[in-house]
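Novice: Mind folding the following:
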Amino acid sequence: MAISRRTVLKAAAAAAVISPGATLSMVERAVAATSPATLGRILRPGKPGPGGYLRLEPRAGEPHIVRTDLVGDSNSPGKRARQPLLAFAHMSDVHIVDHQSPMRLEWADRLEDPPEDADLTPGLFAAAYHPQEILTAHVAEAMVQAINSYRRGPATGTPLSFAIQTGDNSDNSQYNETRWNIDILDGKAIRPDSGSPVSYEGVMDSRRAFYDRHYWHPDGAPPGRHDDYPISRHGFPTVPGLLDAAREPFAASGLTMDWFTAFGNHDGLAQGNFPQTLQLSLLAQGALKITSLPTGISQAMLLEALRNGDLPGLLHDVLTNGEPWVRAVTPDRNRRFLSKRQIVDEHFRTGGTPVGHGYTRQNRDSGTAYYYFDRGPIRCIVLDSVNANGYSGGSIDAAQYAWFTELVGSTADKAIIVFSHHTSDTMNNPLIATGADLAPRVLGHEVVRFLLEHPNVIAWINGHTHANRIMAHSRADGTAGFWEINTAAHIDYPQQARLIEVTDNRNGTVSIFSTVIDHAAPAGFDGDLSSVTSLAALSREIALNDWQVDASDNAGGASDRNAELVVPTPPGLRGATTVQ
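Specialist: Take a look at the predicted model:
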């Protein structure tokens, strides 16, 4: 088995993540704070503290790097009068977590920790627990505040037309997680809490009976017990009162623009991997929660239960026979799983615009989650890349692919931007379950091949990997194709989104500006447990130190963040002047 992603973080993060340049002075910080997005200021880890714990510091910003992979250096846009066409914000993998849900599988996360075991499958349960997951709603709110503060694209000054989430908006396809996400974007008051209204009932409290050293316990160890591993091995802080503060209600700001959505594997599958069943939904709503790895349970047993469709049975056996690794919790019907049709319906119960947030009446009637919308000379096509048969990898069904190919083929007067949750290389799941649609599913490489046949396609924007990546796709003969723009997650470091701007360079090329943005939290946690943005700052810091995440890999290289991506002007944009 390869070395765990977390084991390389502490030794390499300071060198691998930090861009060259000294820490900013107070005057320089003030100047940087007034510059747009990460063009003016970036946050990078400082010197490791005890246990290798890292804190973030402001550094000089990163300019746009011009990438001419698809046109050649001779077609660099240079400094010309440009015609702005569109600007919007892209968010992905928000993962609003009900961190007290009985259907959380936090106890499986340690199967990814050292000591390494050649019999383990790396990555399968790496996202089962995040020490910062109690603060996902606060990060989402801080990102909304940041997007609202920009209003215009920093490269062209074009007003932001809309924001779009590309899936994994919830973490476990639960009703309460879905509603929290919608209500934060709509600007309603939310209480990111479930189960008992008076006490925390998850795995991170310091009750002696359920204390497990594998989890971070912000209140510290109970009397007579050793510090948990995050504190003792990785230098995590104690933050007394955090668990109560994380559950307090707050009034969300709400996006000041239209917002759209897409469907991700965590929106459609239990824990992003397992097909929904009535039994699992009942477990989520129930009164018992597994808090530690039960004796005798191995990754091999879990894999076998998945293959046989018997995960509900395995969990039921543990819950009924598994003391002392089971605790009683307050049942909560708001933890019920939602089907795809029900999640689509929830987006019509909104105070934001447009009603449905891209989903249409046809989506409600058919239980599908793919659609398109137009903004001026740009057609935005949103795919549903989730394979409901199981596993985190994506693909699309034959009916959706037929709709997609016809729509792209018939779009002659607009440029096309495709959106999906999965990237082209993570659309690698051909699984067809017994009794399901038996037509072969379409994988990412087939979608890429099709898109390269259509010069009106300029970009494919997605998430899923939790990393910043930008890839140029060219045709077999070396001629230009399209850009694939993959944006990092909110739940993992670096907790970033992107501003995307499209402009006609009036020289036979179009530029797509990508500008990475941080959420509106301060650079460091200042101890204020009453402030949403202060809590979001703590989340980002804890995420940086998550021992199973390679922070440098997620942040991407400089050319994966702030970049000007040049592509030949597609036929549908020639002569376009409309800005929406």
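Novice: looking at it, Ala246 is touching Leu535, isn't it?
Specialist: Yes - Ala246 lies in contact with Leu535 (C-beta atoms under 8 Å); the separation is 6.7 Å. Bear in mind the C-beta positions are built from the backbone N, C-alpha and C, glycine included.
Novice: any shared contact partners between the two?
Specialist: Contact with both Ala246 and Leu535 is made by residues Leu135, His138, according to C-beta atoms under 8 Å, 6 or more residues apart in numbering.
Novice: and Leu452, how far is that from His99?
Specialist: Using C-beta to C-beta, to the nearest Å, we find Leu452 at a distance of 42 Å from His99.
Novice: Quick check: the gap between Ala536 and His490.
Specialist: Taking C-beta to C-beta, one finds Ala536 at 10 Å from His490.
Novice: follow-up on the earlier one: of Leu452 and His99, who's got more company?
Specialist: Higher neighbour count among Leu452 and His99: His99, with 28 against 17, using other C-beta atoms under 10 Å.
Novice: so what's the more buried one scoring on pLDDT?
Specialist: At His99, the pLDDT value in this model is 96.
Novice: if I read this right, Leu242 contacts Trp216, doesn't it?
Specialist: No - if you go by C-beta under 8 Å, Leu242 and Trp216 don't touch, sitting 9.7 Å apart.
Novice: between the two, who's got more neighbours?
Specialist: Using other C-beta under 10 Å, the more surrounded residue of Leu242 and Trp216 is Trp216, with 25 against 21.
Novice: That one and Gly187: what is the separation?
Specialist: Distance from Trp216 to Gly187, by C-beta to C-beta: 31 Å.
Novice: One more: His130?
Specialist: 26 Å.
Novice: Which of the two has more residues huddled nearby?
Specialist: Neighbours per residue, other C-beta under 10 Å: of His130 and Gly187, the larger number sits with His130, 25 against 17.
Novice: quick one: contacts for that one?
Specialist: Val97, Ile491, Asp492, Ala543, Asp546.
Novice: Contact partners for the second one?
Specialist: The contact partners of Ile491, taken as C-beta under 8 Å, 6+ apart, are Asp93, Val94, His95, Val97, His130, Gln132, Glu133, Thr136, Val139, Asp171, His466, Ala543.
Novice: Any regions of the stretch 301-450 of the chain where pLDDT drops low?
Specialist: 306-309, 321-324, 434-436 (pLDDT under 70).
Novice: So which residues of the stretch 301-450 of the chain form helices?
Specialist: Secondary structure of the stretch 301-450 of the chain by DSSP state H, counting those that start in this stretch: the helices cover 311-321, 340-346, 361-366, 398-410, 444-451.
Novice: could I get those as TSV with mean neighbour count and distance to Thr423?
Specialist: Compiled in TSV, the helices of the stretch 301-450 of the chain are given as follows (neighbours: other C-beta atoms under 10 Å; distance: least, C-beta to C-beta, whole Å):
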stretch	mean neighbour count	distance to Thr423
helix 311-321	16	26
helix 340-346	19	21
helix 361-366	14	23
helix 398-410	15	16
helix 444-451	18	7
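Novice: just for this protein, where's the confidence low?
Specialist: For the chain (pLDDT under 70), the answer is 1-36, 74-76, 78-80, 113-126, 306-309, 321-324, 434-436, 575-580.
Novice: Which residue is most remote from the mean position of it?
Specialist: Most distant residue from the mean C-alpha position of the chain: Gly224, 38.7 Å away (C-alpha atoms, centre = their mean).
Novice: which residues touch that residue?
Specialist: Applying C-beta under 8 Å, 6+ apart, the residues contacting Gly224 are Arg208.
Novice: separation between it and Glu501?
Specialist: For Gly224, the distance to Glu501 - C-beta to C-beta - is 58 Å.
Novice: Just want to check the distance between Asp332 and Arg207.
Specialist: 19 Å.
Novice: More neighbours: the two, which one.
Specialist: Taking other C-beta under 10 Å, Asp332 and Arg207 do not tie; Asp332 has more neighbours (24 against 14).
Novice: right, and Arg208 touches Asp219 too?
Specialist: No - the pair Arg208 / Asp219 is not scored as a contact, 11.9 Å apart, by C-beta under 8 Å.
Novice: And the two? Which one has more around it.
Specialist: When Arg208 and Asp219 are compared for neighbours, Asp219 comes out ahead with 17 against 10, by other C-beta under 10 Å.
Novice: and that one, what does it touch?
Specialist: Asp219 neighbours (C-beta under 8 Å, 6+ apart): Asp205, Ser206, Thr238, Val239, Pro240, Gly241, Leu242, Leu243.
Novice: Can you name the element that comes right after the helix ranked longest in the chain?
Specialist: For the chain, the longest helix by residue count, based on DSSP state H, is helix 136-150. Remark: after helix 136-150, the chain's next helix or strand is strand 162-165, criterion DSSP states H and E.
Novice: how about that following strand: buried residues?
Specialist: Phe162, Ala163, Ile164, Gln165 (16 or more other C-beta atoms under 10 Å).
Novice: That one packs against which elements?
Specialist: strand 83-91, helix 175-186, strand 258-260 (3 or more C-beta pairs under 8 Å, 6 or more residues apart in numbering; DSSP states H and E).
Novice: switch the cut-off to 7 Å
Specialist: strand 83-91, strand 258-260 (3 or more C-beta pairs under 7 Å, 6 or more residues apart in numbering; DSSP states H and E).
Novice: which one of those strands lies closest to Thr178?
Specialist: strand 258-260 (14.4 Å; C-beta to C-beta).
Novice: How far off centre is the closest one?
Specialist: Centroid separation for strand 258-260 versus its chain: 17 Å, with C-alpha atoms, centre = their mean, to the nearest Å.
Novice: got the contact list for it?
Specialist: Residues lying outside strand 258-260 but in contact with it, judged by C-beta atoms under 7 Å, 6 or more residues apart in numbering, are Phe162, Ala163, Ile164, Leu185, Gly352, Thr353, Pro354, His357, Gly358, Phe373, Val382.
Novice: and with 8 Å instead?
Specialist: By C-beta under 8 Å, 6+ apart, strand 258-260 touches 161-165, 185, 352-354, 357-358, 373, 380, 382.
Novice: Stretch 276-288 too?
Specialist: For stretch 276-288, the surrounding residues in contact (C-beta under 8 Å, 6+ apart) are 101-103, 172-174, 268-270, 274, 311-313, 315-316, 319, 326-333, 335-337, 339.
Novice: cool, stretch 432-450 as well?
Specialist: Taking C-beta under 8 Å, 6+ apart as the rule, stretch 432-450 contacts 275, 387-390, 394-399, 401, 405, 408, 422-431, 473.
Novice: Would you mark the buried spots in stretch 43-60?
Specialist: 43-46, 48, 52-60.
Novice: and what of stretch 246-254?
Specialist: Ala246, Arg247, Phe250, Ala252, Ser253, Gly254.
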